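Trainee: sharing a sequence plus its predicted fold:
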Amino acid sequence: MSATATHDLHDDHGPEKGWRRWVYSTNHKDIGTMYLIFALAMLFVGGAMSFVIRAELFQPGLQFVRPDFFNQMITMHALIMVFGMIMPAFAGFANWMIPLMIGAPDMALPRLNNWSFWLLPFAGVLLLSTLFMDGGAPASGWTLYPPLSLQTGNGFPFAMFSIHLLGLSSIMASINIIVTILNLRAPGMTLMQMPMFVWTWLITAYLLIAVMPVLAGGVTMLITDQFFGTTFFNAAGGGDPVLFQHIFWFFGHPEVYIIILPAFGIISHVIPAFSRKPLFGHDAMVYAIAGIAFLSFIVWAHHMFTVGMPLAGQLFFMMSTMLIAIPTAVKVFNWTATMWRGSISFETPMLFAVAFLFLFTIGGFSGLMVAIVPADFQYHDSYFVVAHFHYVLVPGALFGAFCGAYYWLPKWTGHMYDERLGKIHFWLSAIFVNLTFFPQHFLGLAGMPRRIPDYSTQFADFNMLSSIGAFGFGLSQLLFVYVIIKCVRGGEKATAEVWDNPPGLEWTVPSPAPHHTFEDPPIMR
C-alpha cells in the first residue's frame, strides 16, 4: 500500500475514539465484541417472543393472543434466534479467537468484516418491523412453507429482504474466515496443527457459502410467486409446494450443523483444558466433523417423510440420516476419553461443557428416533420434534456459546468473572432447560401438535411445567448479563495462565490489540 493510502486510512489524530471506534472498526476484536453484544441483545428479543408462546400455552384455551399472532411469534422467535442470535454469537467467537489461535495479525479482509457485521442490526430491525405492518409478520413457522407464507400482509417482502441481508452477512463473514485461515496462519502451522475451533469454523464457513444461496433462491421464488405472477409453488399454475420444502431443507439441514459445529469446536478446547490432558484423537475429530458436514448435504428430505415420497427415497434418507450418528458418536467418545483419568476441575466453562455432552446426546438420540420412517409418521409436526431440535439448539449450541464466553472472558477482559455467580447461572440454566423441554417429548408422544395455540386438557400439566421452565430459563439469563458486566467493569485480575493449564495446551494470555503476528502460536497436539 502506498504511503498516501496509508495516511488516508490513519489520520494524524491516531486511532478512532468514542462511537467512531466501533462504527468504523476494522479491528477483529472490536468487531467480535459487537457481534457478541448484538447476539446477546437478540437472545432477549427472541426470548421475549418465546415468553409470549409459553404464556399462551400455560393452560388450555386462548388466553392472551390471537392464533395468527401466536404463529407470527413462533416464526419471528425462530428467525431471530437462528439468524440474529446464535449465528452472530459464533461469528463473534470466530472474529475474536481465530486470528489469535493461528497467529494472524487480524482478519484477512477487515473492511468486509466491518460490513458483514453492520448488515446485521439493519436486517434485524427490518425483520422485527414486520410485526408493526398491516397484516403483521409471516405466520408460517421459520420454514416459510407456501401457501401459508404467502397468506400474509405487507410484512412478507420485508421479511424476505431481511433474510437476504442476513444471508449476505453470513456469506461475507465466511469468505473472510476461509481466507484468513488459509492465508494468514503462522509459519510452520499446518492444517492438521490448527486448533479444533479453527477447524470447525473452516468447515462451517464452507457450509454457509454452499447453502445460503439456496435459501436466497427459495425466498426469491416465493417473492416472484407473490408479486410477479410466477407459479413455482402454486399447483394451480403447474407448480408444486413440495418443491419449496426440498429447496428449504437442502439449506435447512446443513444450517443445523452450521449452528452446532462451532460449539463442537469450543467444547473441544474446554474439556481438554479442565481435564489437564490434550484432546483425545485430534485428527479423528477433524475427519468426523468433515464427515458430518458432507453427510448434512444428503439427508435433507428426512424432514419430509410425510409428503408422499417413494419408498426408495424414504429408505435412502433414513439410512443416510442414521449414518450421521457414527461421526457424532466418534466426537462424543473422544470428549469422554479426554476426560478419562484426567485431573478434572469443574469451573463454570467445564460445567457447561459436561452439560453439553449429556444433553446434546439426548438430542442426538431423539434425532435417531425421528430418522426412522414409520416412527416419524407419528412424531412429525408434534411436540416431540420441538423437544428434539431444542435439545440440540439450547443445551447444545447455546450452552456451547455460554461455555466459550466463560472460558475466554478472562482473555477478552483481563479480569476474572465471579465464579460463584457463574456456577449459579449454570445450575439455574441446566435445571430450567430440562424442565422446559423434557416434558415436550411426552406431549409429542401423546399427540400434541406443534404451532397450535390451544390444546386438549390432557396436555395441561406438562405444558404448565414447560412454561414454568421457560420463564425460569429466560430470567436466569439476566444473571449471565450481570456476570459479564461485572467482569468487564473490573474484577480480580486474570493471570497469564488463567486456567492452570499444562504449557502449550491452550493459549489464554490476555493480549493487547495485535501489531504483529504472534511469536508463540499454540501447539494443539
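Mentor: That came in fine, so what should we check first? Model, not experiment: these values are computed from the prediction.
Trainee: quick check: longest helix in this protein by residues?
Mentor: If each helix of the chain is counted by residues according to DSSP state H, the longest one is helix 241-275.
Trainee: now that helix: buried residues?
Mentor: When neighbours are counted by 16 or more other CB atoms under 10 Å, the buried residues of helix 241-275 are found to be 241-242, 244-275. C-betas here are computed from N, CA, C, even on glycine.
Trainee: would you mark the buried spots in the host helix or strand of residue 45?
Mentor: Per DSSP states H and E: residue 45 is located in helix 28-56. By 16+ other CB under 10 Å, the buried positions in helix 28-56 come out as 28-36, 38-43, 45-47, 49-54, 56.
Trainee: so how far is whichever helix or strand comes after that helix from its chain's centroid?
Mentor: Per DSSP H and E, the first helix or strand lying C-terminal to helix 28-56 is helix 67-79. For helix 67-79, the distance from its own C-alpha centre to the chain's C-alpha centre is 19 Å (CA atoms, centre = their mean, to the nearest Å).
Trainee: please apply the same query to stretch 18-38.
Mentor: Centre to centre, stretch against its chain (CA atoms, centre = their mean), the figure for stretch 18-38 is 20 Å.
Trainee: please apply the same query to stretch 378-385.
Mentor: With CA atoms, centre = their mean as the basis, stretch 378-385 stands 22 Å off its chain's centre.
Trainee: ok, and what's touching that stretch?
Mentor: By CB atoms under 8 Å, 6 or more residues apart in numbering, the surrounding residues in contact with stretch 378-385 are 305-306, 366, 369-370, 440-441, 443-445, 447-451.
Trainee: quick one: terminal-to-terminal distance for that stretch?
Mentor: End-to-end distance for stretch 378-385: 10 Å, by CA to CA, to the nearest Å.
Trainee: show me where the stretch 201-350 of the chain has strands.
Mentor: All residues of the stretch 201-350 of the chain lie outside strands when identified by DSSP state E, counting those that start in this stretch.
Trainee: mind listing the helices for it?
Mentor: Assigned by DSSP state H, counting those that start in this stretch, the helices in the stretch 201-350 of the chain fall at 241-275, 282-295, 311-323, 325-339, 348-371.
Trainee: run a quick neighbour tally on the nearest residue to residue 458 once chain neighbours are set aside.
Mentor: Closest residue in space to residue 458, ignoring its immediate chain neighbours: residue 446 at 7.1 Å, by CB to CB, 6 or more residues apart in numbering. For residue 446, the number of neighbouring residues by other CB atoms under 10 Å comes to 14.
Trainee: now swap in residue 152 and tell me
Mentor: Number of residues near residue 152 (other CB under 10 Å) recorded here: 23.
Trainee: next one: stretch 191-199 to chain centre, how far?
Mentor: Between the mean C-alpha point of stretch 191-199 and the mean C-alpha point of its chain there is a distance of 20 Å (CA atoms, centre = their mean).
Trainee: ah, wrong one, I meant stretch 164-181
Mentor: For stretch 164-181, the distance from its own C-alpha centre to the chain's C-alpha centre is 15 Å (CA atoms, centre = their mean).
Trainee: which of the residues in it are buried?
Mentor: Applying 16+ other CB under 10 Å to stretch 164-181 flags 164-178, 180-181 as buried.
Trainee: what sits up against that stretch?
Mentor: When contacts are taken as CB under 8 Å, 6+ apart, the neighbours of stretch 164-181 outside the stretch itself are 83-84, 87, 91, 94, 98-99, 102, 104, 107-109, 112-113, 115-117, 119-120, 122-124, 126-127, 194, 198, 201-202, 204-206, 208-209, 212-213, 215-216, 219-220.
Trainee: average pLDDT for it, rounded please.
Mentor: Stretch 164-181 shows a mean pLDDT of 97.
Trainee: just the CA atoms of that stretch, as CSV, please.
Mentor: What follows is stretch 164-181 as a C-alpha-only set of coordinates in CSV (Å, rounded to 0.1, in the frame of the first residue of the first chain):
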residue,chain,number,x,y,z
HIS,A,164,-31.4,-11.9,2.1
LEU,A,165,-29.4,-9.4,4.1
LEU,A,166,-28.8,-11.8,7.0
GLY,A,167,-27.6,-14.4,4.4
LEU,A,168,-25.3,-11.9,2.7
SER,A,169,-23.7,-11.1,6.1
SER,A,170,-23.1,-14.8,6.7
ILE,A,171,-21.6,-15.4,3.3
MET,A,172,-19.2,-12.4,3.6
ALA,A,173,-18.1,-13.4,7.1
SER,A,174,-17.5,-17.0,5.8
ILE,A,175,-15.3,-15.8,2.9
ASN,A,176,-13.3,-13.7,5.4
ILE,A,177,-12.8,-16.7,7.8
ILE,A,178,-11.7,-19.0,5.0
VAL,A,179,-9.3,-16.5,3.5
THR,A,180,-7.9,-15.8,7.0
ILE,A,181,-7.4,-19.4,7.9
